[in-house]
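Enquirer: okay, sequence plus prediction incoming.
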Amino acid sequence: MIRERIAAAGGDVDAVTVLAVTKRHAAGAVAAACEAGLVDVGENYGQELAAKADEVAAGHPTVAPRWHFIGGLQRNKVKQIAGVVHTWQSVDRIELARTIASRAPAARIFVQVNAENESGKSGCAVDGVEPLVEGARQLGLDVAGLMTIGPTDTSVDPRPGFEIVRDLADRLELAERSMGMSGDLEKAIAEGSTMIRIGTDLFGPRPS
Ligand SMILES: *Cc1c(COP(=O)(O)O)cnc(C)c1O
């Protein structure tokens, strides 16, 4: 169903990665996603990721998820997940990049962008993206893309923000553009997303 939505939005289903967002779902959801071919898996909380990675390794030894960290990240939480994270998608400040570089040298990261400078929202301001990308590269990190979350107010059109992120990624020659969730994936695809992060529309509502 997600593949059909990608195609209907004009995306290339073989070129767009579907990141299965498993926050608040059990380890079994991770195994099911991997078995269905969705080996890129997203988590938001350090503690939960660390515990779930252990559970998946113990209970589902045949699957090998690539864990993407997509949540707000405090520097003191980096250590506990440094050994399992495949891509750090929520890097929004140089101090965090520095901590990741010290715990996971040469790690693969995306810079998270607060494209419309919404107050109280995580992500680097647009004019801070280039210096952060350069600074992270100097720390030896593998800066592979940009990530953004659409407007908090879902009645606001997310496309202008997605377009800003795509243009920045083009200019900085970053291949990955992680944008679009269950509610706005079509608009993100139309603006050149290479990775949509889907929770609800894969697994149903999250347990509270
Ligand atoms: C929870 C979350 C998602 C998935 O959201 P859905 O609307 O359930 O698809 C995607 N990206 C981030 C950063 C999230 O926190």
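Expert: Arrived safely, thanks for sending. Numbering: from 1, shown residues only.
Enquirer: does the ligand have contacts with the host helix or strand of Val111?
Expert: Per DSSP states H and E: Val111 is located in strand 108-114. No - taking Cβ under 6 Å from any ligand atom as the criterion, strand 108-114 and the ligand are apart, separated by no less than 8.5 Å. (Glycine included, C-beta is placed from N, CA and C.)
Enquirer: that strand pairs with which strands, parallel or anti?
Expert: Strand 108-114 has the following sheet partners, assigned by DSSP bridges: strand 85-91 (parallel), strand 124-125 (parallel), strand 142-148 (parallel).
Enquirer: what comes into contact with it?
Expert: For strand 108-114, the external contacting residues (Cβ atoms under 8 Å, 6 or more residues apart in numbering) are 86-92, 97, 100, 121-126, 129, 132-133, 136, 141-149, 164-165, 168, 176, 178.
Enquirer: drop anything exposed from those residues.
Expert: By neighbour count, with 16 or more other Cβ atoms under 10 Å, the contacts of strand 108-114 hold 87-92, 97, 100, 121, 123-124, 126, 129, 132-133, 136, 141, 143-149, 164-165, 168, 176, 178 as buried.
Enquirer: and the ligand, which of those residues contact it?
Expert: Here is what survives when the buried ones among the contacts of strand 108-114 are matched to the ligand using Cβ under 6 Å from any ligand atom: Ile149.
Enquirer: residue ranges of the helices in the protein, please?
Expert: With DSSP state H as the criterion, the chain has helices at 2-8, 27-35, 46-59, 78-81, 94-103, 129-138, 159-171, 185-190, 200-203.
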